[in-house]
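Engineer: Structure, please.
(one chain, ligands or ions: 1)
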Amino acid sequence: MLDIQECLERVTQQARGLARQGRVASYIPALRHVDPDGFGLAVATLDGRVYESGDSRVAFSIQSISKLFSLVLAYQVAGDSLWERVGRLPSSNQFNSLIELELGSGKPRNPFLNPGALAIADLLVSRYTQMEGAIVQLLRELSGNPGLDYDLQVAGGEFEGAHRNKAAAHLMKSFGNFSNPVDDVIRAYCAQCAIACSCRDLALAALFLANGGADRGGKLVLEARQAQQVCALMMSSGTYEASGETAFTVGLPTKSGVGGGVVTVVPRFGAVCAWSPPLDGSGSSVAGLKAVELLAIAMQKTVFG
Ligand code: GLN
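Structural biologist: From the prediction side, this is the model:
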């Protein structure tokens, strides 16, 4: 039997030193000033336990991990019709690239690239008076933490520098794949990226994906098939152009964000979240990815023997 707590302590020792190989996101001051030595790890398992190590309760900017939960919300409100707005193809370009958007006539390749997340945000802005509030609410319910919220300083900084995201939205608008005023959607998208969560919060929030779409109380967040499809997208596109490599090393559905968070789903077992701010060239946490890789190896041994 795997001693998960002992495993977390060992993985923390092995992975946290790798952080110095990466660089903290510097595109807004609020992220640039995050402690590069922060490191947290949490595992939530389907038997109701949570295991934690390091700075597992320190809230960090979830950034693109929010795209996972906006996709869940879009699935809930729009079902399969969301795929009229965005594709589910992998991409070998960076998360904020616009090249394929033009080539794809304004339909982003997948919901985890910035253009794809913006198309989803546009869809949600059409359905909610405050879509970022709906994502916060979903995260509060799933994590059981009523105190989690967005960081206004991060949201403001994101909006100031959101030129590429605005360009992507305008390009989609020119192709007829964007309904709302660009600034309204960008403001909501920047707020969703600025949600602050801890590793513990995110491991608990992602747990339903390991459980066929049902939350801890047995309520369906997504249908089993939809949950499996979200996991498939995490596998093919969750770490952008590095997704093939992540699939090879971690071998499990994984989503990263430039705040240094990494979420991995271990189907039928639990969900993992690692946090370490320094990033690799594709915008994922260096030590965070190594931590989920080491944990995945240990956990799969217990699941499959
Ligand atoms: N807020 C960031 C952006 O839109 C999110 C990117 C990320 O985490 N990969 O550029």
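
Engineer: For the rest of this, base every contact and every neighbour count on C-alpha atoms.
Structural biologist: Fine.

Engineer: mean confidence for stretch 154-164?
Structural biologist: Stretch 154-164 carries an average pLDDT of 95.

Engineer: Ignore what I typed, I meant stretch 179-197.
Structural biologist: Stretch 179-197 comes out at a mean pLDDT of 98.

Engineer: Give me the distance from it to the chain's centre.
Structural biologist: 15 Å (C-alpha atoms, centre = their mean, to the nearest Å).

Engineer: Quick check: buried residues in it?
Structural biologist: Neighbour-count burial for stretch 179-197, with 16 or more other C-alpha atoms under 10 Å as criterion, is recorded at 182, 185-197.

Engineer: swap in stretch 134-147?
Structural biologist: Across stretch 134-147, burial judged by 16+ other C-alpha under 10 Å covers 134, 135, 136, 137, 138, 139, 140, 142, 143, 145.

Engineer: about what we covered before: could the buried residues of stretch 179-197 be laid out in JSON lines, adding secondary structure?
Structural biologist: Shown next, in JSON lines, are the buried residues of stretch 179-197 (DSSP: H, G, I helix; E, B strand; the rest coil):
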{"residue": "182", "secondary structure": "helix"}
{"residue": "185", "secondary structure": "helix"}
{"residue": "186", "secondary structure": "helix"}
{"residue": "187", "secondary structure": "helix"}
{"residue": "188", "secondary structure": "helix"}
{"residue": "189", "secondary structure": "helix"}
{"residue": "190", "secondary structure": "helix"}
{"residue": "191", "secondary structure": "helix"}
{"residue": "192", "secondary structure": "helix"}
{"residue": "193", "secondary structure": "helix"}
{"residue": "194", "secondary structure": "coil"}
{"residue": "195", "secondary structure": "strand"}
{"residue": "196", "secondary structure": "strand"}
{"residue": "197", "secondary structure": "strand"}
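
Engineer: which residues does the closest residue to the ligand within the stretch 101-250 of the chain contact?
Structural biologist: In the stretch 101-250 of the chain, the residue that lies nearest the ligand is residue 193 (5.2 Å; C-alpha to the nearest ligand atom). The contact partners of residue 193, by C-alpha atoms under 8 Å, 6 or more residues apart in numbering, come to 61, 62, 63, 64, 65, 66, 155.

Engineer: Report the contact partners of the residue nearest to the spatial centre of the chain.
Structural biologist: Among the residues of the chain, the one closest to the centroid is residue 65, at 1.7 Å (C-alpha atoms, centre = their mean). Shown in contact with residue 65 (C-alpha under 8 Å, 6+ apart): 193, 255, 256, 257, 261, 262, 263.

Engineer: ok, so what distance separates residue 114 from residue 274?
Structural biologist: 22 Å (C-alpha to C-alpha, to the nearest Å).

Engineer: I am finished for the moment; much appreciated.
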